[in-house]
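> pasting the structure only:
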């Protein structure tokens, strides 16, 4: 499925203030090229209103032992080709062959001239790294994107466990928001479970998810 977007702009001002303004207007960074931002049905969590739900706690318990470490990008000699392979295998399995290439992942993690991302989250279990997420971080917000994990070694519900821990990580760092990507297909409704969730309707940020659920259900038809 093509990434949902209404507008596309390429920025030259990479100041934290300008990027924050773009995210406030529903634009997000992606993997296309340096500075390219697309306006989409973005969703985010207002961290001042976030608190763990019983379902969040259940997922944390099921993924107990999963630990998160934030790593500054770009990677240099630290890059391992196995990271790119893990991402390719994950996206091939979850979304179909060709969804993500190992070379694109390497570019996003190592080439600051082409990549928009500045942080990688590494998730370990029993001191073995089993998952990653490629993110953009400022002092006021995090954009959590491109998560992938070892489908054989990661615990059940690892995807949600990783996302919840990223929300807690941003909250602990004193950020205002964490952006969780776009809402464009029925399978994206899992993002609606978080307290403090907001979504961009093309003009403003909304908190009522009832009309959003109708939009996502119609997308399946």
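Here it is on my side, so go on. Being a predicted model, the structure only gives us computed values, none of them experimental.

> pretty sure residue 79 sits against residue 105.
No: Residue 79 is beyond contact range of residue 105, at 9.6 Å (criterion: CB atoms under 8 Å). Every residue, glycine included, has its C-beta placed from N, CA and C.

> of these two, which one has the most company?
residue 105 (24 against 15; other CB atoms under 10 Å).

> now do the contacts for that one.
83, 84, 87, 88, 134, 146 (CB atoms under 8 Å, 6 or more residues apart in numbering).

> what sits against residue 90?
The contact partners of residue 90, taken as CB under 8 Å, 6+ apart, are 100, 148, 149, 150, 151.

> show me the beta-bridge partners of the closest residue in space to residue 141 that isn't next to it in sequence.
Distance criterion CB to CB, 6 or more residues apart in numbering; nearest residue to residue 141, sequence neighbours excluded, is residue 177 at 4.4 Å. Judged by DSSP bridges, the bridge partners of residue 177 are residue 46, residue 141.

> number of nearby residues for residue 177?
22.

> okay, it and residue 66: tell me how far apart.
To residue 66, residue 177 is 23 Å away according to CB to CB, to the nearest Å.

> hmm, the residue nearest to residue 141 is touching residue 46, no?
Yes: counting by CB under 8 Å, residue 177 does reach residue 46; the two are 6.2 Å apart.

> where does this structure have low pLDDT?
Low-confidence segments of the chain (pLDDT under 70): 1-2, 220-221.

> where along it do the helices fall?
Under the criterion DSSP state H, the chain contains helices at 16-24, 54-62, 81-95, 102-110, 158-172, 210-218.

> how far away is residue 82 from residue 104?
16 Å.

> ok, the two, which is more surrounded?
residue 104 (18 against 10).

> which residues does the more buried one contact?
Residues near residue 104 by CB under 8 Å, 6+ apart: residue 31.

> now it: how far from residue 115?
The value you get for residue 104 to residue 115, if CB to CB is used, is 10 Å.

> do residue 23 as well
The gap separating residue 23 from residue 115 is 17 Å, by CB to CB.

> now do residue 100
Look at residue 100 and residue 115: by CB to CB, they are 14 Å apart.

> give me the neighbour count for residue 144.
24.

> count the neighbours of the closest residue in space to it that isn't next to it in sequence for me.
Nearest-residue entry for residue 144: residue 166, 4.8 Å, with adjacent residues in sequence omitted and distances by CB to CB, 6+ apart. Applying other CB under 10 Å, we find 22 residues neighbouring residue 166.

> now swap in residue 17 and tell me
Neighbours of residue 17 (other CB under 10 Å): 9.

> how close does it sit to residue 87?
31 Å.

> how near is the closest residue to residue 169 other than its chain neighbours to residue 97?
What sits nearest to residue 169 in space, not counting adjacent residues and going by CB to CB, 6+ apart, is residue 68, at 5.7 Å. Separation of residue 68 from residue 97 (CB to CB): 29 Å.
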